[in-house]
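1. Predicted model follows, preceded by the sequence.
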Amino acid sequence: MKCFLKRPRLLSLLLASAMVAIVVLPLHAGPLPKEDVIDVPAVGDGLWVSNVFQSNMVLQRDKPIFVWGWAEPGETVTVTFAGKTATATAGKDRAWKTDLPAMPANATPQAMTVQGKDKTVALENILVGDVWILGGQSNMEHPIRAVEDGGLEIASANYPNIRILTVPQGELQEPVAAFPRLQEWIGFFGQHFRKGSWDVCSPETVRELSAIGYTFARRVHQAGKVPIGVIDLSRGGTTVESWTPLEVLRGMDKPWTKKVLADWDQKVADFDPKKDLEARIAQQEQRLAKMKAEGKAIKDDQRAPPSDLRPGPIADPNHPGACFHGMLKPVAGLSVKGALWHQGYNNALGGLNGPWMYREVFPEMIKAWRAAFGDPEMPFCILSLCTQGEPQTLDDYSEKMLDLGIEIREVQYDTFRDFEKAGDKTIGYVSTFDLRRRWYHPQLKVPAGERAARWALATQYGFSERDVPWRPPVITKMEVKDGSIMVTLDQPVKDAEDGAMQGFAIAGNDRRFHPAKAEYLETGRDAHNRPQLDRRTLNLTSIMVPEPVAYRYAWGRSPLANIKAEGDFNMVPLATQRSDDWPMLSVPTGVVAEDAEMPPSRGDMGKISAALREMDKARRLREAELTIETLGKP
């Protein structure tokens with residue numbers, strides 16, 4: 001297991017530290033250089049319209065249409081679209097912004113003109129419909145070409161009324177007002193990606209689009225029958241704090257969030273660009289000397305010493321606020337319909353404080369996104385952290401409950417429930433842990449996008465939840481009784497294959513969790529002496545836990561869990577959750593001292609893992625003994 005974890009951790013660190021260098025070069029035929037090739041700069045001279053506004057785009061229906069850009073100070077700019085006109089005057093900073101009145105959905109292509117003193121910009125083939133934002137890290141970014149059934153989706157992606165835009169990753173040292181249109185070099189993949197341009201959805205243009213985003217857009221467009229635009233802001237290897245405004249993070253008072261900010265501040269303060277350059281020059285000299293000593297040929301382009309001063313940690317995409325200010329900020333102010341969010345992997349690498357920080361930051365991130373798009377009730381759907389690693393089994397059930405990613409997933413569900421309990425009617429939640437694949441980029445993305453589409457259709461497009469169910473079953477009551485725990489849910493549940501319901505674990509005061517047998521509550525017998533079952537109430541028992549006090553469900557990174565809302569075909573998973581609040585190092589009790597050092601040592605984590613393995617062995621042995629006893633009875 002330890003060997004397997006090294007690869008995803010290394011990949012995440014590589015993605016998180018990837019630097020994107022932007023160099024203005026002419027477009028040309030033949031292989032592209034490693035530098036980015038800019039087609040249209042972020043901001044040009046004279047009258048300029050922000051690159052978020054282009055031909056082929058979708059404008060949000062039923063909301064004011066804000067259009068902005070730059071011009072000469074004092075210049076009057078007139079924007080005309082669909083027979084409506086708005087004017088603005090550029091300020092001293094050259095910025096101008098207009099707002100056109102709200103308009104209904106319109107699938108007929110229309111033109112927009114932006115006229116200044118001596119220049120007119122014409123944008124064509126613009127539709128009016130719904131615009132959805134895609135956010136998160138690589139599992140949202142994962143392209144449709146690289147998922148199961150992706151080839152079929154690409155071949156059939158002929159949707160002229162779906163429009164797609166992927167925002168460049170850009171430079172992140174400070175907040176930016178616009179993004180360029182470019183061929184962006186991503187060193188990790190060793191290739192360029194076309195970023196910053198609105199495209200009409202087709203088999204030729206859709207290949208690199210987020211698989212979840214494309215599937216979501218396709219389903220919503222097919223059912224909602226309005227033009228759909230998707231703007232992909234996702235970036236691999238990024239954390240929740242990177243997508244939250246720095247000023248919002250500075251206002252938080254929990255010690256774990258303060259520590260993250262303090263650590264970054266120290267990194268920035270300690271970085272010396274000149275010393276960094278000197279170190280890189282010395283490294284190159286050592287490398288060249290070694291090559292010479294080994295008799296290897298040295299090419300001319302290997303001889304020149306580095307001369308650039310790097311920005312250092314301030315430009316890291318995981319610097320707090322970096323992605324919000326560098327990727328979301330250029331589209332902030334745009335009227336949109338809503339957002340989808342799929343992230344969490346890198347925060348699960350943040351140590352034991354990671355989930356606690358996520359719990360504080362994530363709700364504020366959602367509020368900040370809603371504020372950025374000018375809608376405090378903007379629909380926002382959370383797709384839970386996906387699977388990773390070998391599936392949990394009954395042989396290693398307890399051992400595989402030790403994983404910080406599970407707690408990130410729990411916080412995501414708790415955040416959804418907290419918003420819902422506060423009266424939020426536009427928050428959504430989708431579990432993905434049952435879309436099981438071993439890799440940390442599970443390639444089952446089409447079902448995830450379709451689950452998010454169910455939420456959108458049922459809450460935003462007038463469809464009945466009975467026809468397109470999306471809401472996960474909610475545990476409304478827990479009762480400890482006669483050596484068992486009874487949980488009551490708000491809707492009937494079952495196993496998708498009509499077998500044994502799996503996924504619950506229970507523990508006593510010793511905090512030793514074992515998988516529980518889950519059975520429906522029997523309420524009586526009918527005239528034929530058949531049991532009458534309450535399919536909303538589950539009775540949880542374990543031969544290893546005679547006096548249970550707490551339960552956990554789907555408590556594994558790739559959990560053994562199969563309980564879903566009852567239905568013929570559209571069954572929605574019960575989400576990862578628990579009734580206790582026990583810290584990870586205290587489960588089970590008595591293994592690690594309460595005053596153990598933080599972060600925990602490798603030795604302490606090894607002790608906990610060993611204790612959990614012994615629990616699994618003891619349980620399997622006891623089950624075998626009971627089986628033998630049963631077979632021996634007449």
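-> Done, it's in. Numbers count the residues shown, from 1 in each chain.

2. The longest helix anywhere in the chain: which residues count as buried?
-> Using DSSP state H, we find that the single longest helix of the chain is helix 602-632. Residues of helix 602-632 classed as buried by neighbour count (16 or more other Cβ atoms under 10 Å): 604, 605, 607, 608, 609, 611, 612, 615, 616, 619. In short, each C-beta sits where N, CA and C put it, glycine included.

3. Show the pLDDT at the fourth one.
-> Yep, that's residue 608 we're talking about. pLDDT, residue 608: 95.

4. quick one: secondary structure of residue 97?
-> strand (DSSP: H, G, I helix; E, B strand; the rest coil).

5. Leaving out chain neighbours, which residue sits closest to it?
-> Leaving aside its sequence neighbours, residue 97 sits nearest to residue 68 (Cβ to Cβ, 6 or more residues apart in numbering; 3.9 Å).

6. Quick check: neighbours of the strand ranked longest in the chain in the sheet, parallel or antiparallel?
-> In the chain, with assignment by DSSP state E, the single longest strand is strand 120-136. In the sheet, strand 120-136 lines up against strand 58-60 (parallel), strand 106-115 (antiparallel), strand 228-232 (parallel), strand 338-342 (parallel) (DSSP bridges).

7. How about residue 133, nearest residue that isn't a chain neighbour?
-> residue 339 (4.0 Å).

8. just residue 506 next, same as before
-> residue 548 (4.1 Å).

9. Contacts only, for the closest residue to residue 344 other than its chain neighbours.
-> Of all residues not flanking residue 344 in the chain, residue 385 sits nearest, at 3.5 Å (Cβ to Cβ, 6+ apart). Contacts for residue 385 were tallied using Cβ atoms under 8 Å, 6 or more residues apart in numbering; they are 343, 344, 345, 348, 405, 408, 409, 412, 432, 433.

10. hmm, back to that, identify each buried residue in the longest strand of the chain, please.
-> Of all the residues in strand 120-136, those buried under the rule 16+ other Cβ under 10 Å are 121, 123, 126-136.

11. How about stretch 36-50?
-> 36, 37, 38, 41, 42, 43, 47, 48, 49, 50.

12. Heading C-terminal from the lowest-mean-pLDDT helix or strand in the chain, find the next helix or strand.
-> With mean pLDDT, DSSP states H and E as the measure, the helix or strand of the chain carrying the lowest mean pLDDT is strand 22-23 (a mean of 28). Once strand 22-23 ends, the next helix or strand along the chain (criterion: DSSP states H and E) is strand 36-40.

13. For that following strand, give the mean pLDDT please.
-> Strand 36-40 comes out at a mean pLDDT of 89.

14. which secondary structure elements does whichever helix or strand comes after it contact?
-> Downstream of strand 36-40, the first helix or strand assigned by DSSP H and E is strand 48-49. In this structure, strand 48-49 makes packing contacts with strand 65-70, judged by 3 or more Cβ pairs under 8 Å, 6 or more residues apart in numbering; DSSP states H and E.

15. The strand it packs on: what's the following helix or strand?
-> Assignment by DSSP H and E places the next element after strand 65-70 at strand 76-81.

16. Show residues contacting the helix or strand following that next one.
-> Per DSSP H and E, the first helix or strand lying C-terminal to strand 76-81 is strand 84-89. Outside of strand 84-89, the residues within contact range by Cβ under 8 Å, 6+ apart are 67, 74-79, 96-101, 103.

17. if you set the cut-off to 7 Å instead, what comes out?
-> 74, 76, 77, 78, 79, 96, 97, 98, 99, 100, 101 (Cβ atoms under 7 Å, 6 or more residues apart in numbering).

18. How about stretch 336-349?
-> Residues contacting stretch 336-349 (Cβ under 7 Å, 6+ apart): 9, 12, 16, 60, 130-137, 139-140, 212, 216, 237-240, 354, 358, 369, 373, 378-383, 385, 404-405, 408-409, 412, 440, 452, 460.

19. Swap in 6 Å and give it another go.
-> By Cβ atoms under 6 Å, 6 or more residues apart in numbering, the surrounding residues in contact with stretch 336-349 are 12, 60, 130-137, 139-140, 237, 239-240, 354, 358, 369, 373, 378-383, 385, 404-405, 408, 452.

20. And stretch 566-580, by the same measure?
-> Taking Cβ under 6 Å, 6+ apart as the rule, stretch 566-580 contacts 409-410, 413, 431, 434, 469, 472-473, 478, 492-494, 496, 550-554, 563-565.

21. Now, of these, which are buried?
-> Applying 16+ other Cβ under 10 Å to the contacts of stretch 566-580 flags 409-410, 413, 431, 434, 469, 472-473, 493-494, 550-554, 563-565 as buried.

22. Please parse the protein into its domains.
-> 128-159+198-258+316-460, 270-314, 475-632 (automatic domain parsing).

23. deepest of those, which one?
-> By mean neighbour count, with neighbours taken as mean count of other Cβ atoms under 10 Å, domain 128-159+198-258+316-460 ranks first of these at a mean of 21.

24. chain center to it, what's the gap?
-> Here domain 128-159+198-258+316-460 shows a centroid-to-chain-centroid distance of 3 Å under the convention Cα atoms, centre = their mean, to the nearest Å.

25. Just the mean pLDDT for that domain, thanks.
-> 95.

26. Give me the distance between the two termini of it.
-> For domain 128-159+198-258+316-460, the first-to-last residue distance is 16 Å (Cα to Cα, to the nearest Å).

27. do the same with stretch 502-509
-> 22 Å.

28. residues in contact with it?
-> 485, 513, 515-516, 518, 540, 542, 545, 547-555, 560-563.

29. out of those, which are inside strands?
-> 485, 515, 518, 540, 550, 551, 552, 553, 563.

30. Grab the nearest non-local neighbour of the fifth one.
-> Okay, so that is residue 550. residue 580 (3.9 Å).

31. Pretty sure that neighbour sits in a helix.
-> No - applying three-state DSSP, one finds residue 580 to be coil, outside a helix.

32. Beta-bridge partners for residue 340, please?
-> residue 134, residue 381.

33. Correction: the previous question concerned residue 76.
-> Under DSSP bridges, the beta-bridge partners of residue 76 are residue 89.

34. circling back: now, which of the buried residues of helix 602-632 sits nearest residue 246?
-> Set against residue 246, the nearest of the buried residues of helix 602-632 by Cβ to Cβ is residue 605 (32.3 Å).

35. what about the closest one, distance to residue 499?
-> Remark: distance between residue 605 and residue 499 (Cβ to Cβ, to the nearest Å) = 34 Å.

36. so residue 210 bridges to which residues?
-> Taking DSSP bridges as the rule, residue 210 bridges to residue 143.

37. contacting residues around it?
-> 134, 140, 141, 232.

38. same question, residue 488
-> Applying Cβ under 6 Å, 6+ apart, we find residue 488 in contact with 476, 477, 536, 537.

39. Name all residues that make contact with the second one.
-> In other words, residue 477. Each residue near residue 477 by Cβ under 6 Å, 6+ apart is listed here: residue 488.

40. Run through the bridge partners of it.
-> Applying DSSP bridges to residue 477 yields these beta-bridge partners: residue 488.

41. how about the helices in the stretch 101-250 of the chain?
-> Taking DSSP state H, counting those that start in this stretch, the helices of the stretch 101-250 of the chain run over residues 138-141, 150-155, 211-224, 246-250.

42. For residue 586, find the nearest of the ones you listed.
-> Closest of these to residue 586 is helix 246-250, at 28.7 Å (criterion: Cβ to Cβ).

43. just checking, what packs against the next helix or strand after the closest one?
-> As assigned by DSSP H and E, the chain's next helix or strand after helix 246-250 is helix 255-270. If contacts are counted by 3 or more Cβ pairs under 6 Å, 6 or more residues apart in numbering; DSSP states H and E, helix 255-270 sits against helix 353-372.

44. Show me the contact partners of the helix it packs on.
-> Here helix 353-372 makes contact (Cβ under 6 Å, 6+ apart) with 240-241, 243-245, 248, 252, 254, 256-257, 332, 339, 347, 376, 378, 380, 404, 407-408, 411, 415.

45. Over to stretch 286-293?
-> For stretch 286-293, using Cβ under 6 Å, 6+ apart, the contacting residues are residue 298.
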